[in-house]
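J.: Got a predicted structure here, sequence first:
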Amino acid sequence: MSRLANPAFWAGKRVLLTGHTGFKGSWARLWLAEMGARVAGYALPPSAEPALHALLGSERFLHENLADIRDGDRLTTAIRQFDPEIILHMAAQPLVRESYRTPAETFDVNVMGTVRVLEAARTAPALKAIVVVTTDKVYRNDESGRHFPEEAVLGGHDPYSGSKAACELVVSTWRDSFLRERGIRIATARGGNVLGGGDFSVDRLVPDIVRAALSGETLAIRSPMATRPWQHVLDCLNGYLVYAEALHGDETEVAALNFGPSPAERQIPVRDVAGAIQTAMGLPTEWHETSAHDQPREMQALGLDPALALKTLSWTSRLSQDQAIEWTARWYDGWRRGAVARDLTLGQIDAFMRG
């Protein structure tokens, strides 16, 4: 069984969570609060409607800064006042298709935003560990179908992927130039494609399924045969949290880790994920493929090799890809039938923790 985030470690820890208003950030904020962490958030207001951040409420949330991570002065003030022991940097422009529309802003947010976070972090006396979340798309993808290990060449065909690969270089530079000498451990976490309840982002498969179901329209799929390293949001976040624990406790000096499903699991194409979620939600398994004309290029095959995370942290996915799909469908089906989002989310966190 995979190593699990330790509530005793997180209890009372001051954690700065950037991107706390996003999908993964909302799950992370609630989980950390449940373990007793003192969480401060820094992010723009939610862009999606509805937004999981709003659905979960703000109980047990210590501080919230609704601001741009590129605002270096405001970010530095927030970090000085809170004096975090751990920073989980998740704030980003996270969408591939949006990066084609706004390439300069994507690089500005993802690269210079990270620079601002790391510069501000240098002013925090109590800081011991930083986890910078990048992506499974940081690798130069030749679409061979292989599962990329951490030492694979970084690159990125699209602006989003390229900006996240550039983040990796930023982290390496700040580690060597400024943070190591202060005893601050910093690393990058490269997570796979995340499934989970409460994601309402544009241009993502599961939110598109939910929107189609609510509107009565037929689901449109761009790349039905594309494969991705699917995993549940709690598995991905569990990797980030145990990585932060290990960095804080000087258990590891590994600078980057992949977090994704085992390569031994079958490669599930987009159309099959869509069909499984539709079936689990009691929906017709109907979809149509959108025209490829004038569509930006997206990689058709992507896989991660998480062997180093297993070796370093004893981490592996606790949920199979099929279970991740089932848990995701259960959350959305409950929500659309009137269940409280916070109860659904806490229920899955509790079930995950209990194994």
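T.: That came in fine, so what should we check first?

J.: where does A91 fall, phi/psi-wise?
T.: With angles defined as degrees, to the nearest 10, A91 sits at phi -60, psi 130.

J.: need the contact list for it.
T.: 18-19, 22, 25, 42-44, 69, 109, 113, 117 (CB atoms under 8 Å, 6 or more residues apart in numbering). Quick note: C-beta positions are derived from backbone N, CA and C, even for glycine.

J.: now do 10 Å
T.: By CB atoms under 10 Å, 6 or more residues apart in numbering, the contact list for A91 reads 17-22, 25, 41-44, 68-70, 109-110, 113-114, 117, 133.

J.: Repeat that for A152.
T.: With CB under 10 Å, 6+ apart as the criterion, the residues that contact A152 are 138-142, 146, 258, 304-305.

J.: Would you point out the most distant pair within those residues?
T.: Maximum pairwise distance in the contacts of A152, criterion CB to CB, is 17.1 Å, between D142 and N258.

J.: Look at S320 and say how many residues are nearby.
T.: A count of nearby residues for S320, using other CB atoms under 10 Å, gives 17.

J.: nope, P149 is what I was after
T.: A count of nearby residues for P149, using other CB under 10 Å, gives 13.

J.: Apart from its neighbours in sequence, what residue is nearest it?
T.: D305 (4.4 Å; CB to CB, 6 or more residues apart in numbering).

J.: Same check on G239?
T.: Nearest non-adjacent residue to G239 (CB to CB, 6+ apart): F259, at 3.5 Å.

J.: If the one you found is in a bridge, with which residues?
T.: Beta bridges link F259 to G191, judged by DSSP bridges.

J.: any idea how far N193 is from it?
T.: 11 Å (CB to CB, to the nearest Å).

J.: Looking at these two, which has the bigger crowd around it?
T.: F259 (28 against 23).

J.: Roughly how far does the more buried one sit from Q231?
T.: F259 is 7 Å from Q231, by CB to CB.

J.: intersection of neighbour lists for these two?
T.: 136, 191-192, 194, 238-239, 304, 306, 317.

J.: Would you confirm that the residue nearest to G239 contacts A189?
T.: Yes: at 6.1 Å, F259 and A189 qualify as touching, with contact defined as CB atoms under 10 Å.

J.: Please identify every residue contacting each of the two.
T.: Joint contacts of F259 and A189 (CB under 10 Å, 6+ apart) are 133, 236-237, 239-240, 243, 309.

J.: Now, these that are in helices?
T.: The helices, defined by DSSP state H, take in 236-237, 239-240, 243, 309 from the shared contacts of F259 and A189.

J.: Okay, now the unreliable bits of this protein?
T.: For the chain, applying pLDDT under 70 flags the ranges 59-62, 291-294.

J.: What strand or helix carries S163?
T.: Using DSSP states H and E, S163 sits within helix 159-174.

J.: could you say what helices and strands that helix packs with?
T.: helix 96-101, helix 103-107, helix 113-121, strand 129-133, strand 185-191, strand 256-259 (3 or more CB pairs under 10 Å, 6 or more residues apart in numbering; DSSP states H and E).

J.: quick one: the fifth one to strand 129-133, angle?
T.: What that stands for is strand 185-191. Orientation of strand 185-191 against strand 129-133 (axes from the mean of the first three to the mean of the last three CA atoms, to 10 degrees) gives an angle of 30 degrees.

J.: Could you do the third one as well?
T.: Inter-element angle recorded for helix 113-121 and strand 129-133: 170 degrees (by the same axes, to 10 degrees).

J.: Setting aside sequence neighbours, what's the nearest residue to G197?
T.: What sits nearest to G197 in space, not counting adjacent residues and going by CB to CB, 6+ apart, is W331, at 2.5 Å.

J.: Could you verify my assumption that that neighbour touches A351?
T.: No: here W331 does not reach A351: they are 11.3 Å apart, not a contact under CB under 10 Å.

J.: Who has more neighbours out of those two?
T.: Using other CB under 10 Å as the criterion, W331 and A351 rank with W331 on top: 24 against 12.

J.: Verify the stated contact: G347 with W335.
T.: No: using CB under 10 Å, G347 makes no contact with W335, being 11.8 Å away.

J.: More neighbours: those two, which one.
T.: Using other CB under 10 Å, the more surrounded residue of G347 and W335 is W335, with 20 against 15.

J.: That one: helix or strand, and which one exactly?
T.: If you go by DSSP H and E, W335 is part of helix 321-336.

J.: Now the element after that helix, going C-ward?
T.: Counting by DSSP H and E, what follows helix 321-336 is helix 341-354.
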